[in-house]
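Q: Give me a model of this one.
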Amino acid sequence: MLSDSRSISLGRDIVNAEAGIDVKFGKQLSLHGGVNGSLRKGQTQAGVAGSLMYVW
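A: Here you go, the predicted model:
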């Protein structure tokens, strides 16, 4: 069995940043939000995520 995998070269220089916040409302409810992003020559990526958790 033969296999061959190839990918583009990603390079070495990249800047990546991420920030988030967690807020708790009482004992049962919490909220999380965050953003992230990365920069590389010729490429930009950004993301946003959030969650709401209720514990009973």
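Q: Could you report the distance from Trp56 to Gly33?
A: 22 Å (C-beta to C-beta, to the nearest Å). C-betas here are computed from N, CA, C, even on glycine.
Q: The two: which has the busier surroundings?
A: Higher neighbour count among Trp56 and Gly33: Gly33, with 14 against 3, using other C-beta atoms under 10 Å.
Q: pLDDT score for the more buried one?
A: Looking at Gly33, its pLDDT reads 95.
Q: what does Ser5 give?
A: Taking Ser5 on its own, its pLDDT is 66.
Q: Can you say which helix or strand has Ser30 in it?
A: Element membership of Ser30, judged by DSSP states H and E, is strand 29-40.
Q: Partner strands of that strand and their direction?
A: Paired neighbours of strand 29-40 in the sheet (DSSP bridges): strand 15-25 (antiparallel), strand 43-54 (antiparallel).
Q: Extract the C-alpha trace of the longest one and format it as CSV.
A: This means strand 43-54. This file holds the C-alpha atoms of strand 43-54, laid out as CSV (Å, rounded to 0.1, in the frame of the first residue of the first chain):
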residue,chain,number,x,y,z
GLN,A,43,-3.2,35.5,5.3
THR,A,44,-5.6,36.8,8.0
GLN,A,45,-7.8,34.7,10.2
ALA,A,46,-10.4,35.8,12.8
GLY,A,47,-12.8,34.0,15.0
VAL,A,48,-15.5,34.6,17.7
ALA,A,49,-16.9,32.1,20.2
GLY,A,50,-19.3,32.2,23.0
SER,A,51,-21.2,30.0,25.4
LEU,A,52,-23.9,30.1,28.0
MET,A,53,-24.0,27.5,30.8
TYR,A,54,-26.8,26.8,33.2
